[in-house]
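In: only geometry, no sequence info:
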Ligand SMILES: Nc1ncnc2c1ncn2[C@@H]1O[C@H](COP(=O)(O)OP(=O)(O)O)[C@@H](O)[C@H]1O
Ligand SMILES: [Mg+2]
């Protein structure tokens, strides 16, 4: 059976596991119909022209894991930013692990989507926010239809959350192949600050496909700092759909570090709902070994006096492919918009490919928008300069690549996250330079 | 120290060096002068191992060992240093991290341990003081946005850190004002000893007032057409290159 049919027909079984009397179930029922109509995106869609899911969809995925698995912290410690005190919401094969998690209801809610969807005290928040900015494309609809579990983060007005929140998804390989569909909802109140780190990690070579949807609401003057660490195994693929709605004077930053995995698609969309806010989207992609990373971004400027900054750096080697599809829409009302987009790529050898497509659609007349896209190789003169100082070829290349990606790292505010990314990059580049990357 | 025998080199199929001979002994300072385009930077690049240039004949020897086939980093490990006429800007790599990498990679190649951090810091402090380099400078990206003079001073700072056997200074004086020139020259002189050698490439006599050469060579159209003592530089300053061109064609 095709995966699509299998999913549609398993919806009934899914309904046995959730409370169908809740209003959210109407949303699910509508979503499964949307998915039935839309199906999985194919390369015929303009926005999926360069990313093919067809191979991934051939696996016979388990949709609901049969066996509950457990993990000891020491087995997976290295995937946490364990050097810092943090809240943790951890899932193993899609199922919440209370053992590995550190949630809270004291002055904020860092807990489970399943709880938020079913408990009366969260009803207002769910009514106001759940599925309010998620789009109705096939993949998002599919996630919505099966939305049951994920992270629920609710930061009340004025709360500055000191500890970062880590959301981790492990897959154990207990299923021969697994489809995961986490659904996250993050509501950040007026003047509240929060930092979130998200990571998906497969622990074996059994195929895993994750179709994740995250909705983030930044209310007035809220600051949301989100870090996505993508360094999964060759057998794991990720479709990350993140939708961010911002109110006046809010700041939302998303850093995406794509350093591994089979197919990774980042749909990252920002919607402006107030004035004087800014959105920052930054990415470092370093891949090889036939890996594929697609960054499809959208910043929808619908209000005046807002800013957006996009800066994506990509380094591609060994038959890998990259896609950067950066869309900026500036509506007629959005006067005095500043929208910047930068996408720089290095192709390490001629087997690697990058498809870069900036799309600026500007309907306002008093705006400052710019985009720059470069595709190049490492600079020969710079290579000679470094080598002439005794730095061997491989290290010289690594140093230049690191330097190329470095300015994206400068805006990482959690030092331990920066250190970790540096380490991952150094590992990725296969070097141990004379200083801490 | 450095011996160059009948060196011919091409770039993009065009012969630039047309049979160069040079013998630099330990403890010596040699100056190479010559008009623009005569091949001075090419010679420096070929010695340092730039692969854009192809050696078609002859050889470059360092302490008796042929360098022709060695990679630039291997030459650096053996003690060759080139102060670039146009140092390359490398955004994202700080001066300090660059130097640490260069020093430790060189040590690694020699089978030595990494230099301990405190020793590294001490050395950086000492040498930056020698060249009167501001500490703030060290955490800036390598050469990025440096003025011409700062770039050149930074080259000599690197030389001081790496302590090469053979340093080739390609127009290190251009872009330096007189005070900076004195600082740089003083730095070079302080690093000079009986076991190393310096080849100074310059247009002007000015630098040679401070870094006094034992020999001066005139490079013209890919060949050394005249060699002499330091007084040759003064003569060139006074009379230009035309008389040498005439001499050479005779
Ligand atoms: N990378 C290169 N590609 C092509 N021609 C070059 C290159 N480098 C130098 N040349 C040529 O070689 C000649 C010598 O240049 P150069 O060595 O820079 O002279 P100098 O340093 O004495 O001014 C010039 O004609 C120059 O145009
Ligand atoms: Mg020159």
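Out: Here it is on my side, so go on. Only a predicted model underlies this, so the values are computations on that prediction, with no experimental measurement involved. Ligands and ions are numbered 1, 2, ... in the order given.

In: Minimum distance to chain B, which residue of chain A gives it?
Out: Across chain A, no residue is closer to chain B than residue A:403, which sits at 3.0 Å (Cβ to the nearest Cβ). Where C-beta positions appear, they are placed from N, C-alpha and C, glycine not excepted.

In: tell me, how many neighbours does the closest residue to chain A within chain B end up with?
Out: Proximity to chain A, evaluated over chain B using Cβ to the nearest Cβ, is greatest for residue B:92 at 3.0 Å. Residue B:92 is flanked by 19 other residues according to other Cβ atoms under 10 Å in any protein chain shown.

In: give me the element it is part of.
Out: Using DSSP states H and E, residue B:92 sits in strand B:90-94.

In: which helices and strands does the helix or strand hosting the residue of chain A closest to chain B pack with?
Out: If you go by DSSP H and E, residue A:403 is part of helix A:393-409. When contacts are defined as 3 or more Cβ pairs under 8 Å, 6 or more residues apart in numbering or on different chains; DSSP states H and E, helix A:393-409 sits against strand A:278-287, strand A:307-316, strand A:338-347, helix A:380-387, helix A:415-429, strand B:90-94, helix B:95-109.

In: and the angle for the strand holding residue B:92 with helix B:95-109?
Out: Going by axes from the mean of the first three to the mean of the last three Cα atoms, to 10 degrees, strand B:90-94 is angled at 80 degrees with respect to helix B:95-109.

In: and the angle for strand B:90-94 with helix A:380-387?
Out: Using the same axes, to 10 degrees, strand B:90-94 lies at 20 degrees relative to helix A:380-387.

In: circling back to that earlier point, so what's the gap between the helix holding residue A:403 and the chain middle?
Out: 24 Å (Cα atoms, centre = their mean, to the nearest Å).

In: Report the buried residues of that helix.
Out: Of the residues in helix A:393-409, A:395-409 count as buried by neighbour count, 16 or more other Cβ atoms under 10 Å in any protein chain shown.

In: before we move on, what about stretch B:206-213?
Out: So, applying 16+ other Cβ under 10 Å, buried residues of stretch B:206-213: B:207-208, B:210-211, B:213.

In: Next, format these as CSV and append secondary structure, distance to residue A:125 and pLDDT.
Out: Converted to CSV, the buried residues of stretch B:206-213 look like this (DSSP: H, G, I helix; E, B strand; the rest coil; distance: Cβ to Cβ, whole Å; pLDDT from 0 to 100):
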residue, secondary structure, distance to residue A:125, pLDDT
B:207, helix, 74, 92
B:208, helix, 79, 94
B:210, coil, 75, 94
B:211, coil, 75, 95
B:213, coil, 80, 96
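
In: Nearest to residue A:360 among those?
Out: residue B:207 (52.1 Å; Cβ to Cβ).

In: what's the first-to-last distance across stretch B:230-246?
Out: Stretch B:230-246 has an end-to-end distance of 21 Å (criterion: Cα to Cα, to the nearest Å).

In: do that stretch and ligand 1 meet at all?
Out: No. Judged by Cβ under 6 Å from any ligand atom, stretch B:230-246 stays clear of ligand 1, getting no closer than 11.5 Å.

In: Now tell me what touches that stretch from outside.
Out: Counting contacts by Cβ atoms under 8 Å, 6 or more residues apart in numbering or on different chains, the residues outside stretch B:230-246 that touch it are B:31, B:33-35, B:204-205, B:208, B:212-214, B:216, B:218, B:220, B:225-226, B:228.

In: per-residue confidence averaged over it?
Out: Per-region confidence: stretch B:230-246 scores 88 on mean pLDDT.

In: One more: stretch B:6-21?
Out: 96.

In: what about it, start to end distance?
Out: Here the two ends of stretch B:6-21 are set 5 Å apart, with distance taken as Cα to Cα.

In: Now it: buried residues?
Out: Residues of stretch B:6-21 classed as buried: B:7-11, B:16-18, B:20 (neighbour count, 16+ other Cβ under 10 Å).

In: Max pairwise distance over these: which two?
Out: For these, the farthest-apart pair by Cβ to Cβ is B:11 and B:20; their separation is 14.6 Å.

In: Phi and psi next, for residue A:67.
Out: Residue A:67 has phi and psi values of phi -100, psi 130 when expressed as degrees, to the nearest 10.

In: ok, now how distant is the residue lying closest to it once chain neighbours are set aside from ligand 2?
Out: Leaving aside its chain neighbours, residue A:67 sits nearest to residue A:174 (5.1 Å; criterion: Cβ to Cβ, 6 or more residues apart in numbering or on different chains). From residue A:174 across to ligand 2, the span is 66 Å (Cβ to the ion, to the nearest Å).

In: show me what contacts residue A:174?
Out: A:65, A:67, A:69, A:93.

In: so who does the closest residue to the third one other than its chain neighbours touch?
Out: Put plainly, it is residue A:69. Nearest residue to residue A:69, sequence neighbours excluded (Cβ to Cβ, 6+ apart): residue A:172, at 4.4 Å. Contact analysis of residue A:172 by Cβ under 8 Å, 6+ apart lists A:69, A:71, A:92-93, A:203-204.

In: Out of the residues you listed, which comes closest to residue A:267?
Out: Of all the contacts of residue A:172, residue A:267 sits closest to residue A:93, with 23.7 Å by Cβ to Cβ.

In: where does the residue lying closest to that closest one once chain neighbours are set aside fall, phi/psi-wise?
Out: Using Cβ to Cβ, 6+ apart and skipping residues adjacent in sequence, the residue nearest residue A:93 is residue A:65, 4.4 Å away. Dihedral angles of residue A:65 (phi, psi; degrees, to the nearest 10) stand at phi -60, psi 140.

In: one step back: lowest-confidence one in the contacts of residue A:174?
Out: Among those, residue A:67 carries the lowest pLDDT, at 70.

In: Could you pull out the strands in chain B for me?
Out: Counting by DSSP state E, chain B has these strands, from start to end: B:2-11, B:14-24, B:29-33, B:53-62, B:65-66, B:80-83, B:90-94, B:141-142, B:166-170, B:197-201, B:215-220, B:223-228.

In: rank those strands by pLDDT, which is bottom?
Out: strand B:90-94 (a mean of 89).

In: hmm, who's touching the strand holding residue B:92?
Out: Strand B:90-94 is contacted from outside by A:382, A:385-386, A:399-400, A:402-407, B:98, B:138-144, using Cβ under 8 Å, 6+ apart.

In: Now narrow those residues to whatever sits close to ligand 2.
Out: Counting by Cβ under 5 Å from the ion, nothing from the contacts of strand B:90-94 sits close to ligand 2.

In: Residue A:156: neighbour count?
Out: For residue A:156, the count of nearby residues is 14 (other Cβ under 10 Å).

In: Contacts only, for it.
Out: Going by Cβ under 8 Å, 6+ apart, residue A:156 touches A:107-108, A:189, A:192.

In: Look up how far residue A:247 lies from it.
Out: Here residue A:156 is placed at a distance of 15 Å from residue A:247 (Cβ to Cβ, to the nearest Å).

In: Phi first, then psi, for residue A:392.
Out: Torsion angles, degrees, to the nearest 10, at residue A:392: phi -60, psi 160.

In: Does it touch residue B:105 like I think?
Out: Yes. Taking Cβ atoms under 8 Å as the definition, residue A:392 is a contact partner of residue B:105 at 6.2 Å.
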